[in-house]
Structures are given as structure tokens and as C-alpha cells.
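here is a sequence with its predicted model. Questions after.
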Amino acid sequence: MRDTEYRAWLETQELAKRSIGTKMSDARRVDQEHGDLDAHFEEDRMVSLLDTFAYSKADEAAGRANPTKLNIDGNLYNNLASYRAALTTYRSFCEARVHPEGRLSGLDRQAILDAIAACEAAGSVQA
């Protein structure tokens, strides 16, 4: 995890200092227990790691155990949602480094309009 770069990026996102501190702390904790977040991003854009942190209200109602390596005190559903949000934010940071111009870099207006027209012409999701 690139702490210094991540903190600087979070500061550009106009978050409150407390939110920045929480996201940093949550990301560090996952990094320590589940392995390098940058490696998870390179492997599969953190999809598998985020899946590990998935925990629904149905899981909570069924009493499903904590699916992560983290020792969590308090409300498991709320805490896992917070960690998942921190991981999603770290993934956005990683994506911003890979595509500093944005997700649609390299596409011009006409290419986007052509893609929309092609989808509309297909007539259905299956097509």
C-alpha cells in the first residue's frame, strides 16, 4: 500500500480529515491482514478481495460468521461495509494512477457516440 501517495490523493478528493484518517486506517488494516492492496489491484482489480468483504443484511440475519481475517468488535455488517468502502476508494486511487486522464481516456466523443448507437441498434441486451 502506498500510504503517502494515497493520503495525498484522498486530500484531492475534498474529504474531511476524519474521513481521510478512517479510510487510511481501514485500508492499512486490510493491507496488513489480507496482503498488499496494490498486488490485489494488479491481480484482479481487487474483485476477489472485495468479494471477501461482502456481507449482506441476509447474512447478518442468518448469523453468518465474519468472512475476513480481521478481528471485528461491534456490528459486523456496518464494520464490513466500512472496510469495503475503504477498499473501493483505494481501488479508485489505483485506477487513477493507471489512467490519470480518467477511465475513458483515449476515447473521443465520436467513439462514445458510435458505441451508444451500436448498442441501441442491437435492440436487446442479448444481441
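Cool, got the structure.

mind checking how far Asp26 is from Ala61?
Separation of Asp26 from Ala61 (Cβ to Cβ, to the nearest Å) stands at 24 Å. Just so you know, the C-beta spots here come from the backbone N, C-alpha and C atoms, and that holds for glycine as well.

which of the two has more neighbours?
Asp26 (20 against 9; other Cβ atoms under 10 Å).

what sits against the more buried one?
Ser82, Tyr83, Ala85, Ala86, Leu87 (Cβ atoms under 8 Å, 6 or more residues apart in numbering).

center of this structure, which residue is that?
Geometric centre of the chain, nearest residue: Thr88, 1.6 Å, by Cα atoms, centre = their mean.

can I get the least confident helix or strand in the chain by mean pLDDT in PDB? Just the C-alpha atoms.
Every helix and strand in the chain was compared by mean pLDDT, DSSP states H and E; the lowest is helix 109-122, with a mean of 77. C-alpha atoms of helix 109-122 as PDB (Å, rounded to 0.1, in the frame of the first residue of the first chain):
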ATOM      1  CA  ARG A 109     -16.700  12.000 -28.200                       C
ATOM      2  CA  GLN A 110     -17.500  10.400 -31.500                       C
ATOM      3  CA  ALA A 111     -16.200   6.900 -30.400                       C
ATOM      4  CA  ILE A 112     -18.500   7.100 -27.400                       C
ATOM      5  CA  LEU A 113     -21.500   8.200 -29.500                       C
ATOM      6  CA  ASP A 114     -20.700   5.400 -32.000                       C
ATOM      7  CA  ALA A 115     -20.700   2.800 -29.200                       C
ATOM      8  CA  ILE A 116     -24.000   4.100 -27.900                       C
ATOM      9  CA  ALA A 117     -25.500   3.900 -31.400                       C
ATOM     10  CA  ALA A 118     -24.300   0.300 -31.800                       C
ATOM     11  CA  CYS A 119     -25.900  -0.700 -28.500                       C
ATOM     12  CA  GLU A 120     -29.200   0.900 -29.400                       C
ATOM     13  CA  ALA A 121     -29.100  -0.700 -32.900                       C
ATOM     14  CA  ALA A 122     -28.600  -4.100 -31.300                       C
END
